[in-house]
Each structure stands twice: as C-alpha cells, then as structure tokens.
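[1] Kindly generate the corresponding structure for this input.
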Amino acid sequence: MRRGMLVAATIAALILTATACSATPQPQASLDLPAKDQAAWVMPLDQFHVAGLEQVVTAAEDGLIAECLAKSGVDWPATHDDIEGQLTWKSSSQTWSNIPLMTKESAQKWGYGFEPAGGAAAQAKKQARAKKLNAIADATPGFEALFRPCLTAARKQLPPLSDSLNQLVAYVWDARDAAANEKDVRDAAARWRACLQKAGYSGLPNSPVDAMPTDALRAQVGIPAFGKQDGGPIAAATPQEITLALADVACRDSSGWAKAQYAAEWDQEVKILNKNADRIVRDHDADLATLKKDLAVLAAHPDEQ
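    Predicted structure coming up:
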C-alpha cells in the first residue's frame, strides 16, 4: 500500500516543533493572560488545552491497528483528520471556551450548530472512511477476533491520556456557572429573555448558557432534538432555527448579556487559574509530552492515499 509522503513530511515537521517546544511549548502556556477578545470568546484557560491531542491519539492508535491487522491480511486504511490544523489552541476555540458564542454570521449559516472541523470536505472524508471501514469489517470473517487484540496492543503502546481535559472542562464550566449567577449577568439574562419573548418565543432557559435552545423551544419552532445525528451528513439548519438563532444573537447583544457574561467569566477563570496554577501547568506539560510521543507514532503511520 502507498503512504502519503506529503502528510508524512508534515507530521515529521510537527514532531520537530513539539520536540523543540518541550522546554518552551508552542503555543506557550503561561500565567500571562491572553488579550481579551469577546468576539472569539478567548478565555485565560484556553491556552492550557493542548489542541489536537485527542485527534492525534486517535490517529496514532489507528495507524498501529492498521499495522497489526495487515499481519492478518486485512487492509485497514489509516486515514486521519487534518492534524496540522488542530495543533494550535486558537483553532480549537470553536468547540472550546466559546461554547456560548454565536455570531450573526454563524447563526445565518448554521443556526445553533458550527461548521464541522475542516469543513464539508473533511466531513465527507470521515463519512467515506467510516463506510469503507464498515465494509471491510463486514467482509472479513472473524473480524472482531482480529480487531480486538490489535486495539488492545495499540493502546498499550501509546501513553494513556490523563484526566486533565476533563478537569479543564470542569474549571471552564465552574467559571461559566459562577459568572452566570452574578447579579449583573442575571439581570442581563432577564433582559435577554424579555427580548426573545417579545419576538414571540417561549420555553426559554434562564440564561443562554443553559441548554439554549431548550427542548420545549426546539419543539415550538421545529428544530431537531439534540443527539439525532446518525453519522451521516450534519442536517442543515431549518429556516425556523436560523430565524430563532438570529433573534437570539441580537438579543444577547442588545440586552448586554454577552458583554456581561464575558467579563464575569473572564474574571472567574482568572481566579481559578491563580488558585490551581500548579496543577493546570503540570497537566498541560504532561499533555504536551503525550502529544510528542503520539506524533512520533503517527509519523511512522501517516495518512494513506
């Protein structure tokens, strides 16, 4: 089988970057605060999330599985997502600290969703790969008995992921919840609800961060419920969803909620960072070390063409 030399070269370059950054990581995670940017919902804890780590771990594991299955005559294609594009913390902000963020532009196109990482082409590649892998598994007698030992062996060869991501997510939500409960933010949220009620909507949550849109609101305007994706193409936002999302964005801004929540959430994250700096920095450094090791494995098992 032919390996992708261009992708291999790219991953090798990333390994050199990770190696050079073992003492001075890039992006540099430090106690220096990033510049505030409400439009991108940049937060102090963002820099401690090692972007791309989960994708690299999955891709490295997949490469080892492909190598193992090849010994049994199974051609299991090791096809990866865009790893390079995941390896800067800003690239992951769309699914990281800006959970409450929704711009007029994103609402107009995606409603309450976001463009898939890598865009439509990357999503189509994932779907095609899943279809191909399922076909290989179905056509291979005793596939499960071959696959399971390979999976176990692959995971033994890779450094285990720590609980740092779960802890960081917990810190983020602690800050978000504390901010949402501050009086000026609650007052702004009340104005946000009144704004949407005036636009004809009911079944609203107490705050935009409280599962907006709610199930009741989704039913009211005909938006599919959460968790209904089946691995196929992401459903396009309905006109009703786009109309609601645009009204939501306008009300978040006009009510002052977005500004108040951002300021309060920033301050809460600073408090958490100051209180837990040793653990946060230690976890970040450990994740960078894991990333370096997994990139080395990935370089030996690049994307197949």
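
[2] quick one: pLDDT of the residue of the chain positioned farthest from its centre?
    Distance from the centre of the chain peaks at Pro141, with 35.7 Å (C-alpha atoms, centre = their mean). pLDDT for Pro141: 90.

[3] tell me the helices in this protein, going along the chain?
    Applying DSSP state H to the chain gives helices spanning 5-20, 53-70, 104-110, 119-139, 143-157, 164-180, 183-198, 215-221, 239-254, 257-275, 277-300.

[4] quick one: which of the ones you listed is nearest Gln47?
    helix 277-300 (8.1 Å; C-beta to C-beta). Placement of C-beta: from N, CA and C, glycine included.

[5] Run a quick check on Leu161 versus Ala289, I expect a contact.
    No. Using C-beta atoms under 8 Å, Leu161 is not in contact with Ala289; the gap is 11.8 Å.

[6] Report the set of residues contacting both of those two.
    Common neighbours of Leu161 and Ala289, counting by C-beta atoms under 8 Å, 6 or more residues apart in numbering, are absent.

[7] Can you pull out the low-pLDDT segments for this structure?
    Low-confidence segments of the chain (pLDDT under 70): 1-30, 79-101, 115-123, 225-235, 302-305.

[8] same thing but at 80, please
    1-31, 51-52, 55, 78-102, 113-127, 129, 160-162, 224-236, 300-305 (pLDDT under 80).

[9] Pull the contacting residues for Ala35.
    Counting by C-beta under 8 Å, 6+ apart, Ala35 has contacts Val42.

[10] Now do it against Trp266, distance only.
    Going from Ala35 to Trp266 by C-beta to C-beta, to the nearest Å gives 11 Å.

[11] For Trp41, find the nearest of the helices of the chain.
    Once the helices of the chain are compared by C-beta to C-beta, helix 257-275 is nearest, at 6.8 Å.
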